[in-house]
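> What follows is a predicted protein model with its sequence.
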Amino acid sequence: MSAPAAPLPALVCPAGSLPALKAAVDNGADAVYLGFKNDTNARNFAGLNFDPKTMADGIRYAHGKGCEVLLAINTFPQAGRVDAWRRAVDAAADLGVDAIILADVGLLDYACRRHPGQRLHLSVQGSATSYEAINFAHREFGVRRAVLPRVLTLAQVEHVIRNTPVEIEVFGFGSLCVMNEGRCWLSSYACGESPNTVGACSPAKYVKWDKQPGAMETRLNGILIDRFGDDEPAGYPTLCKGRFQVQGETYYALEEPTSLNVLSILPDIVKIGVRAIKVEGRQRSPAYVTQVTRTLRAALDALASDGERYHVKPNWQAELAKVSEGNQATLGAYNRPWR
Amino acid sequence: MNQGFTVPKFRLPGFVAAVGAKLPQWPHALALVAGLNLAVKMRLLPEDSLNTLEDRLFRVRVRDTGGEAAFTYRGGLFRPVFRPGREPDLAFAANLSAFLQLLNRQEDPDTLFFNRELEITGDTELGLVVKNMLDAVEWPSLPRLPLARR
């Protein structure tokens, strides 16, 4: 007899709007994550996110269909405005969300004292990559789940899981950046604003798409990021995905636009005891959420029913490849031979 | 909204655009503006986003039909602009199939943009407001596209 199968991880999907939330719920998400319409969350983009009414509607819709709601307050309180972040925590607790995703230790401290019964998750922006850091957040603030930054190999993820009582959530699909989550200042270098401070990487007001004959130029606060030929795929206008001249050669000096896709190692992720798999992309549309949620749900269900006979279906890969940035997918750090 | 039918990717033959560009453009602008105003009237578009559109000039160009529509938003209504006389603050250009796929919530605008099937030029933040505003609309009872129904 084989050992009992590890429980299937929860599928955690992004919701930047009410239609995106409904798309996630209707296509098989176990949880959705969302944010308020302000700089308390790291996808503070114009027109995105939830006002009090749509937030209440969304929570009601998700809970009505047995789907959890996780609320991200994952930016860092700015000097002189700490109250705005505390009010967001209070509002989240009043709304009855299943968990609040926090990055800042001061805010974690406030949340666990002010709302002792509230479930707290440690955001990827909290940048905790070791079990010591995660256990600290557990001991001091009662954190029940931590989202791991996308820098660890699968073996390192397993090492963390074996040494902590905290549930571990990892990224399963979405655009990759330099993955220095919570510690990246590239956007601030170019614009003076970054996810940690204003809730947006490379804010749109600094971005210029300039159509030239035969090419399109992307500028971030005046800095030339990239130049795309008419048939070349474009990427997000961030410094980390730019092509730069380095010693006479022009290339992706930091990283090439790619998406993470863990379908091929899903059995390993489940086997080592990962409790939740997160899909990136609150800034994407309901169409993206539908396609990605549907595909990952199908894969997880296939794993549950097929066990060791699980194999990645070509139509899953095709569906995910279509919505990938840069039209290529990688396993990121998970299968890196070095540490 | 996209239950039950799919808009295929297609491209109309070149002569359509050649002919289309010579036809009067005002019907496109009127039709587009009427649709948008219907959404305003049904309170489908959030007010805070609408406020940022005030007096901005928009242009939508359908590459393979040669159709083009310019419009603005003023005093609570979208209004066609027949002789813009200046570059728009925000311009979208794509083939008809891409626009239909977007309307049908079948394709993600970022995907189409990465693949260079959707061109967005002008004020990037304004573009994001418009994209997110349309993404957030809960289409209740707009008529279904008759195209490619299965």
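Okay, I see it. This is a predicted model, so every value here is computed, not measured.
> what's the longest strand belonging to chain B packed up against?
Among the elements of chain B assigned as strand by DSSP state E, the one spanning the most residues is strand B:67-74. Packing partners of strand B:67-74 (3 or more CB pairs under 8 Å, 6 or more residues apart in numbering or on different chains; DSSP states H and E): helix B:26-41, strand B:57-62, strand B:77-80. For glycine as for every other residue, the C-beta is placed from the backbone atoms N, C-alpha and C.
> Flag every buried residue along the last one.
Residues of strand B:77-80 classed as buried under the neighbour-count rule (16 or more other CB atoms under 10 Å in any protein chain shown) are B:78, B:80.
> Partner strands of that strand and their direction?
Using DSSP bridges, strand B:77-80 pairs in its sheet with strand B:67-74 (antiparallel).
> Residues of chain A that sit close to chain B?
Neighbours of chain B within chain A, by CB under 8 Å from any CB of the partner chain: A:16-20, A:45-48, A:51, A:54, A:203-205, A:207-211, A:228, A:230-235, A:283-288, A:290-291, A:322-323, A:325-327.
> among those residues, which are in helices?
Under the assignment DSSP state H, the residues of chain A next to chain B contribute A:18-20, A:54, A:286-288, A:290-291, A:322-323 to helices.
> Would you mind giving the residues you listed as CSV with pLDDT added?
Conversion of these to CSV gives the following (pLDDT from 0 to 100):
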residue, pLDDT
A:L18, 95
A:P19, 95
A:A20, 97
A:T54, 92
A:P286, 94
A:A287, 92
A:Y288, 94
A:T290, 96
A:Q291, 95
A:K322, 84
A:V323, 83
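> so A:N196 touches A:P77, yeah?
No: A:N196 is not in contact with A:P77 according to CB atoms under 8 Å; the separation is 10.3 Å.
> neighbour count winner among these two?
Relative neighbour count places A:N196 above the other of A:N196 and A:P77, with 22 against 19, counting by other CB atoms under 10 Å in any protein chain shown.
> For the more buried one, which residues are in contact?
A:42, A:75-76, A:125, A:182 (CB atoms under 8 Å, 6 or more residues apart in numbering or on different chains).
> what's the answer for A:L34, then?
For A:L34, the contacting residues are A:14-16, A:21, A:49-50, A:55, A:58, A:69-72, A:282, taking CB under 8 Å, 6+ apart as the criterion.
> pretty sure B:R63 contacts B:N95?
Yes: with contacts defined as CB under 8 Å, B:R63 counts as touching B:N95 at a distance of 5.2 Å.
> Pick out the residue closest to the middle of chain B.
B:V60 (5.8 Å; CA atoms, centre = their mean).
> again, but for chain A
So for chain A, CA atoms, centre = their mean, it's A:E280, sitting 3.8 Å from the centre.
> what's the spacing between that residue and chain B?
With distances taken as CB to the nearest CB, to the nearest Å, A:E280 is found 12 Å from chain B.
> for that residue, phi and psi?
For A:E280, the backbone dihedrals are phi -80, psi 150 (criterion: degrees, to the nearest 10).
> Now chain B against chain A: closest residue?
Here chain B gets closest to chain A at one residue, B:N132, 3.1 Å apart by CB to the nearest CB.
> and that residue, what pLDDT?
pLDDT for B:N132: 90.
> A strand includes it, no?
No: when classified by DSSP: H, G, I helix; E, B strand; the rest coil, B:N132 is found to be helix rather than part of a strand.
> ok, it touching A:G16?
Yes: here B:N132 reaches A:G16: they are 7.1 Å apart, a contact under CB under 8 Å.
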